[in-house]
Structure formats: C-alpha cells, structure tokens
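> Sharing a model prediction with you, sequence too.
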Amino acid sequence: MSDRDLMDQEEIYSKVLRAGRRTYFFDVRSTKAGDYYLTITESKKFTHDDGSFHYKKHKIYLYKEDFSAFRENISEMMDYIIDEKGTEVISERHKKDFKKEDEDDKVGENGSPSENFTDVDFDDI
C-alpha cells in the first residue's frame, strides 16, 4: 500500500475553515488500532517580495481522553474573551497602517511623545 493510500485510509472526516490568510483544517483520523483522534492544522500563507509564497503549518493532535478537558478550557477561554471584549473584531476598525497613525496619536501637547506611552517591541517577548 502506498503512503497516499495509507493517508487516505487514516482520514475519516474533514472540515476546512478559511479565515483570511489562515486556513484551519479539522481532520478525524484513525490510529493503527482503529480508534479515532482529531488533528487541527493552522496553515498561514506568506508572500515573498518576488511574488512567490509559502505556507507555515502548525498542528495539534487531540485524543479522545482529552476531549472533555479541552472542550471545557476552550469554552472558558472563548467566553472570557467575549465577556471582556465583546464580539466586535477590534483590529478591523484600524487601517492597515494604524501603527503609524497610533504613533502620531501618542504625541503630547508640546510635540513630544506622551508620557503615559510605553514603547514595547513584541519581537523581544
């Protein structure tokens, strides 16, 4: 049996969720013993300056013994976000260059940066 046949045999049920530059794949697969588990794959498209592109993928394997705790945690986290921030997607209110606009907003009355502004580089975290 070829690798492709083996992969097709393991895939039982699949759904795709496209979300902008990201695509999420939810796949029910079968173990060698015939039990089922879930894989969740995030695929994000990146474009190079020359127009070519590549994808970065991240995968989670979720087994039945973890379903209950996973469901509880994901529900709690989603409920917390909605309770704290509502359902509006804040980033959609900003223009693509909102960082530049944001920096301009931080200038105080005398033309110097506002004193309550902290410059954080998230690449350092």
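That came in fine, so what should we check first? Here the structure is a predicted model, which is why all the values come from computation and not from measurement. Numbers count the residues shown, from 1 in each chain.
> hey, where'd the strands end up in the chain?
Along the chain, counting by DSSP state E, strands occupy 11-19, 22-30, 36-47, 53-63.
> of all the ones you listed, which lies closest to residue 87?
The closest of the strands of the chain to residue 87 is strand 11-19. By CB to CB, the value is 15.3 Å. Glycine gets a C-beta too; all of them are placed from N, C-alpha and C.
> and the longest helix anywhere in the chain with strand 36-47, angle?
For the chain, the helix with the greatest residue count under DSSP state H is helix 67-85. Helix 67-85 runs at 40 degrees relative to strand 36-47, counting by axes from the mean of the first three to the mean of the last three CA atoms, to 10 degrees.
> re the thing from before, dump the strands of the chain into CSV; add mean neighbour count and mean pLDDT as well.
Shown next, in CSV, are the strands of the chain (neighbours: other CB atoms under 10 Å; pLDDT from 0 to 100):
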stretch, mean neighbour count, mean pLDDT
strand 11-19, 10, 94
strand 22-30, 15, 95
strand 36-47, 14, 93
strand 53-63, 11, 93
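> out of those strands, nearest to residue 86?
strand 11-19 (18.9 Å).
> Show residues contacting that closest one.
Applying CB atoms under 8 Å, 6 or more residues apart in numbering, the contact partners of strand 11-19 are 23, 24, 25, 26, 27, 28, 29, 30, 36.
> Need those residues in CSV (columns: distance to residue 77).
Shown next, in CSV, are the contacts of strand 11-19 (distance: CB to CB, whole Å):
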residue, distance to residue 77
23, 21
24, 16
25, 21
26, 18
27, 22
28, 23
29, 25
30, 29
36, 24
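> Can you give me the neighbour number for residue 88?
Neighbour count of residue 88, defined by other CB atoms under 10 Å: 8.
> now it: how far from residue 64?
Note on residue 88: its distance to residue 64, by CB to CB, to the nearest Å, is 35 Å.
> before we move on, what about residue 49?
45 Å.
> Of these two, give the one with the bigger neighbour count.
Applying other CB under 10 Å to residue 49 and residue 64 shows that residue 64 carries more neighbours, namely 10 against 5.
> Could I get the contacting residues of residue 35?
Listed by CB under 8 Å, 6+ apart, the contact partners of residue 35 are residue 64.
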